[in-house]
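Undergrad: Fold the stuff below for me.
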Amino acid sequence: MKFKLLLLFITLMVTGSISAQWSVGARFGGASGLSLKNYSKTGSVHFEAITAFNFDENLDGFSVTLLGEKFGAFSEDGKLGAILGAGETMVFGDEFLLGLSGILGFDWRIGRIGLQVDWMPTWIFVNESYFSPVNGALTARWMFGGRARPQY
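TA: Coordinates of the predicted model:
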């Protein structure tokens, strides 16, 4: 089940956005690891995959989070804005955990560098019941493919 969800998400990202803007980078915070983000060719809904090690002692282990995010531009050029989104989180530790995550933050683009500051609370409900409100982070990404700057 968990691998089917991951495969479905990756397939949707790749088939729906072959020429779209992509970015990859490091995430530092409550869950530190790698972030891969796909900026839609049309519209302002983007997808992000985060693989990380969690520092919340109740969610100790390796996690994969798949998010759909809505971007709202603050500036006319679309380089600064807010993100709001939701998705699922899988934690691979002593036992498999599954839950929902939300994300709220700010995204700023400087050339091909993207900076994101966000808060990503998570509610685990499979194999345990736990709410983790402590996952704030800073993400720095390098943008590649498609356009030099996403279109909003």
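
Undergrad: Run a quick neighbour tally on residue 102.
TA: A total of 15 residues lie near residue 102 under the criterion other Cβ atoms under 10 Å. (C-beta placed from N, C-alpha, C; glycine too.)

Undergrad: in the sheet, who's paired with it?
TA: Listed by DSSP bridges, the beta-bridge partners for residue 102 are residue 86.

Undergrad: Pull the contacting residues for it.
TA: With Cβ atoms under 8 Å, 6 or more residues apart in numbering as the criterion, the residues that contact residue 102 are 85, 86, 120, 121, 122.

Undergrad: ok, now which ones touch the fourth one?
TA: Going back to what we said before, that points to residue 121. Residue 121 is in contact with 101, 102, 131, 132, 133, 135, counting by Cβ under 8 Å, 6+ apart.

Undergrad: before we move on, what about the third one?
TA: Residue 120 is in contact with 30, 31, 65, 101, 102, 103, 104, 135, 136, 137, counting by Cβ under 8 Å, 6+ apart.

Undergrad: So the second one sits against residue 61, correct?
TA: No. With contacts counted by Cβ atoms under 8 Å, residue 31 stays clear of residue 61, the gap being 10.4 Å.

Undergrad: who's more crowded, the two?
TA: Between residue 31 and residue 61, residue 31 has the larger neighbour count (other Cβ under 10 Å), namely 27 against 16.

Undergrad: of all the contacts of residue 120, which comes closest to residue 22?
TA: Proximity of these to residue 22 was ranked by Cβ to Cβ; the top entry is residue 65 with 17.3 Å.

Undergrad: Could you list the paired strands of the one helix or strand that closest one maps to along with their orientation?
TA: The secondary structure element spanning residue 65 is strand 62-73 (assigned by DSSP states H and E). The pairing partners recorded for strand 62-73 under DSSP bridges are strand 45-54 (antiparallel), strand 80-92 (antiparallel).
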